[in-house]
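Q: here are the coordinates; sequence isn't available:
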């Protein structure tokens, strides 16, 4: 980042913020579909079978770790967090 111009830094920050927003929209789309099957028609159109959640994932801060949905979701979220931390340490 040291070699980047101010305009390039501003453009990169704008892209990073928008990527984060899209990631949040995607995550909440998956959570909503798991809580209320059929709430996101794109999954049906694309023939994606989303596992349903047996816990109130939208209302609880920490869902039960024994939930089949949580067992599949937590490792993915953990890897994403780890990759993001590694990327931030390099910069």
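A: That came in fine, so what should we check first? What you are looking at is a predicted structure, and each value in this text was computed from that prediction instead of being measured. Numbers count the residues shown, from 1 in each chain.
Q: pLDDT averaged over the host helix or strand of residue 21 - what is it?
A: Using DSSP states H and E, the element containing residue 21 is helix 6-35. Regarding helix 6-35, the rounded mean pLDDT is 87.
Q: how far does the helix or strand that it is followed by sit from its chain's centre?
A: As assigned by DSSP H and E, the chain's next helix or strand after helix 6-35 is helix 41-45. Here helix 41-45 is found 18 Å from its chain centre; the criterion is CA atoms, centre = their mean, to the nearest Å.
Q: and residue 76, which helix or strand is it part of?
A: Judged by DSSP H and E, residue 76 forms part of helix 68-90.
Q: what's the angle from that helix to helix 6-35?
A: 170 degrees (axes from the mean of the first three to the mean of the last three CA atoms, to 10 degrees).
Q: circling back to that earlier point, list the buried residues of the helix holding residue 21.
A: Buried residues in helix 6-35, counting neighbours by 16 or more other CB atoms under 10 Å, are found at 30, 31, 33, 34, 35. For every residue, glycine as well, the C-beta is placed using N, CA and C.
Q: picking that back up, so for the helix holding residue 76, mean pLDDT?
A: Per-residue scores along helix 68-90 average to 78.
Q: next one: it to chain centre, how far?
A: The answer for helix 68-90 is 9 Å, by CA atoms, centre = their mean.
Q: still on that earlier bit, format the buried residues of helix 6-35 as TSV; extra columns: distance to residue 3.
A: Converted to TSV, the buried residues of helix 6-35 look like this (distance: CB to CB, whole Å):
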residue	distance to residue 3
30	38
31	39
33	43
34	43
35	46
